[in-house]
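Visitor: generate a structure from the sequence data that follows.
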Amino acid sequence: MPIPHIAGGAATFGTPAGRSVEGVSLLPSVSGEMTRSSPRKDDMWATGGARSANLSAEMKTNIIETTENSTATKVESVIKLGLDVHAAQITVCRQIDGSLPQPAHKMSWEKCVAWIKREAESGAKLYSCYEAGPCGYGLHRTLTALGVTDFVVAPQRWDERGQRVKTDKRDARELCDRLDRYLRGNTRAFATVRVPTPEQEQRRALARQRGRVLKERHRCAVRGHGLMLAQGVQAPSGWWEARVWEDFQNELPPWLREPIGFWQRQALRLDAEVRELTARVEQLAPSTGRPKGMGALTAAIVATEIIDWKRFKNRRQVASYTGLCPSESSSGESRRQGAISKHGNPRVRHMLLEAIWRMLAWQPRYRPLHKIRAAQGARARKRAAVAAARRLAVDLWRIHTGQCPGEKLGLIMTDPA
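Guide: Have a look, this model is predicted:
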């Protein structure tokens, strides 16, 4: 603590001569006291002006540098579009960068595509998504040609809270929200659908057309059988076939013969269509990688539905796609597994199960089939067949991706490995 000096009733603190306190210089007087020396106004204005000039020049330099840096590091805008697609219109919800989604709007197909094209030409990065449905993949291919990164997602119920309110605008908003979460790294926001090429889609459509015609033939046979059963007539198996119908029609009353004959002719015509389509589908079967017991028709249907075995990264994805995995309800230390989930491709699941039952006579060394042969009772055999079909899907994936030859898996192949 400096010792104060008393002079003329004023107290001053002992500060070395020539030093200044808060911009005011303290000089010693004749009596030895420290006195204040105020700076001149001209000096203050001169100093202040120089400082202002330097500060202004520095600010201008910073502004120019900031502008140049912002121009050099300019980030393109990201636009996300949620599309609720219908045959006559498309409902669009847009989100720009990280802002909230904008209100959804309904547009015609032509207007929507033209609007998205203008957005893409503005230099922004566009992402979009819509649900797979009856409108197919034409919109996806159009958007991809415009430079848009589009995702076709598996349909699901978007009303997670059970509010029982479903509108096109709500669906478009929810799709936009899910797309934002998906792009941020949450791959469980929705499930994407693999989009086939036009050639792959045509081959798959041919196989599915055969299945639809086969169902129509079965429906005609069942309708005719129902009419006869209502009149107390027991129809033999395959009553609509030409060799059976020739003798069986004489047993029918005259008034019943006409309506039953209509369904017989329809079933016979559709059966000819099925035979023709079957021959065309069998030509799509892969020439290699087919186990003995799996016919050309089954192999062709599985191949057209899978499209590309390399799409799967591990065996869990293969099993999940077939829908042959058990359902589960577990909590805490309790674990309960139930029937298969059926959450997958039903056509692949049906073909694999049919192949397993036929392979029982052709694959004596395939280990999953041993459990079917050793099972006791119909229920146990069916459960073992489901497990064997799931294993067969995984083994086919290993064969077609070149991980392992069929012989090492205990399979007898129709072609040498």
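Visitor: just the element for residue 207, please.
Guide: helix 198-230 (DSSP states H and E).
Visitor: just the helices in the stretch 201-350 of the chain please.
Guide: Counting by DSSP state H, counting those that start in this stretch, the stretch 201-350 of the chain has helices at residues 242-248, 254-282, 296-306, 315-322, 346-359.
Visitor: in the last one, what counts as buried?
Guide: Neighbour-count burial for helix 346-359, with 16 or more other Cβ atoms under 10 Å as criterion, is recorded at 347, 348, 349, 351, 352, 353, 354, 355, 356, 359. Backbone N, C-alpha and C define where each C-beta goes, glycine included.
Visitor: quick one on the thing from earlier: what's the most buried one of the helices of the stretch 201-350 of the chain?
Guide: Of the helices of the stretch 201-350 of the chain, the one with the most neighbours on average (mean count of other Cβ atoms under 10 Å) is helix 296-306, at a mean of 21.
Visitor: now that helix - C-alpha only, CSV.
Guide: Written as CSV, here are the backbone C-alpha positions of helix 296-306 (Å, rounded to 0.1, in the frame of the first residue of the first chain):
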residue,chain,number,x,y,z
ALA,A,296,-35.8,-75.3,-63.7
LEU,A,297,-39.1,-73.5,-62.9
THR,A,298,-38.3,-73.2,-59.2
ALA,A,299,-34.8,-72.0,-59.9
ALA,A,300,-36.1,-69.4,-62.5
ILE,A,301,-38.7,-68.0,-60.1
VAL,A,302,-36.2,-67.7,-57.3
ALA,A,303,-33.6,-66.0,-59.6
THR,A,304,-36.1,-63.5,-61.0
GLU,A,305,-37.3,-62.5,-57.5
ILE,A,306,-33.8,-62.3,-55.9
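Visitor: so it versus helix 198-230, what angle?
Guide: 120 degrees (axes from the mean of the first three to the mean of the last three Cα atoms, to 10 degrees).
Visitor: what mean pLDDT would you report for helix 296-306?
Guide: Confidence for helix 296-306, expressed as mean pLDDT, is 96.
Visitor: now do it: which elements does it pack against?
Guide: Here helix 296-306 touches helix 198-230, helix 254-282, helix 346-359, going by 3 or more Cβ pairs under 8 Å, 6 or more residues apart in numbering; DSSP states H and E.
Visitor: now do residue 229 against residue 100, distance only.
Guide: As judged by Cβ to Cβ, to the nearest Å, residue 229 and residue 100 stand 62 Å apart.
Visitor: which one's more surrounded, those two?
Guide: Using other Cβ atoms under 10 Å as the criterion, residue 229 and residue 100 rank with residue 229 on top: 11 against 8.
Visitor: need the pLDDT of the nearest residue to that one once chain neighbours are set aside.
Guide: Leaving out its chain neighbours, the residue that sits closest to residue 229 by Cβ to Cβ, 6 or more residues apart in numbering is residue 235, at 7.4 Å. If you check residue 235, the pLDDT there is 94.
Visitor: what does residue 281 give?
Guide: At residue 281, the predicted lDDT confidence score is 97.
Visitor: my read: it touches residue 205, true?
Guide: No - here residue 281 does not reach residue 205: they are 10.8 Å apart, not a contact under Cβ atoms under 8 Å.
Visitor: can I see the domain layout of the chain?
Guide: The chain breaks down into these domains under automatic domain parsing: 4-37, 78-183, 198-282, 296-328+337-409.
Visitor: okay, those in TSV with distance to residue 189 next?
Guide: Listed next are the domains of the chain as TSV, based on distance: least, Cβ to Cβ, whole Å:
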stretch	distance to residue 189
domain 4-37	62
domain 78-183	4
domain 198-282	26
domain 296-328+337-409	17
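Visitor: what's the closest of these to residue 191?
Guide: Residue 191 lies closest to domain 78-183 among the domains of the chain, at 4.2 Å (Cβ to Cβ).
Visitor: and that closest one, what's its mean pLDDT?
Guide: 95.
Visitor: now the strands for this structure?
Guide: 4-7, 10-13, 20-21, 24-28, 34-37, 78-85, 90-96, 105-107, 125-131, 149-153, 326-328, 337-340 (DSSP state E).
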